[in-house]
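Engineer: Whatever this is, show me its structure:
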Amino acid sequence: MGGVATELMIHLANHVDANKLGHAFGPCGFQLAWEPDTVLAPAAAFVRGDPSDELSESYHQGPPDLAVELVCPSEWPNHLDVKVSEWLAAGCPMLVVVNPRQRIATVYRSRSDIVELTEDDVLDGGDVVPGWKLPLRELFR
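Structural biologist: Residues are numbered from 1 along each chain as shown. Purely as a prediction, here's the structure:
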């Protein structure tokens, strides 16, 4: 599973850097709510902006423009459903949930705009990560 996360992160970071779209991140915390605090750390993330902007050492405040979660067999049942709800409630414009075992990715743009992709499809960053396209077959090799 770590290989899938690494491959996705490299592909995303290379595209973001080459096109000066903002910042790509590996696992790091995003604070989505306060009192009670909710901090999530996706497997990969993207935040639009000037690539020369200085980044904070603490948690990022608010959701990224793109969050990528991986399905972990060790997670307790429904934990991922809770994370999906938290990302969407916080206003994350694009959430991708990758399931390496089933070789699928589910793209959430909202609670009603959900698309499931198979390894024969291409993950497309659309208006969130312009020009980013990742053939899922490459991700699941």
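
Engineer: Show me the contact partners of the longest helix seen in the chain.
Structural biologist: For the chain, the longest helix by residue count, based on DSSP state H, is helix 2-18. With contact meaning C-beta atoms under 8 Å, 6 or more residues apart in numbering, helix 2-18 is reached by 21-24, 26, 43-44, 46, 51, 66, 68, 70, 98, 100, 125, 129, 131-132, 134, 138-140. Where C-beta positions appear, they are placed from N, C-alpha and C, glycine not excepted.

Engineer: who touches the helix or strand residue 81 falls within?
Structural biologist: Per DSSP states H and E: residue 81 is located in helix 79-89. For helix 79-89, the external contacting residues (C-beta under 8 Å, 6+ apart) are 32-33, 38, 40, 42, 63, 67, 69, 71, 95, 97, 108, 110-111.

Engineer: With stretch 119-130 instead?
Structural biologist: Contacts for stretch 119-130 (C-beta under 8 Å, 6+ apart): 12, 15-16, 19, 21, 46, 65-66, 93-94, 96, 103-105, 107, 117, 131-137, 139-140.
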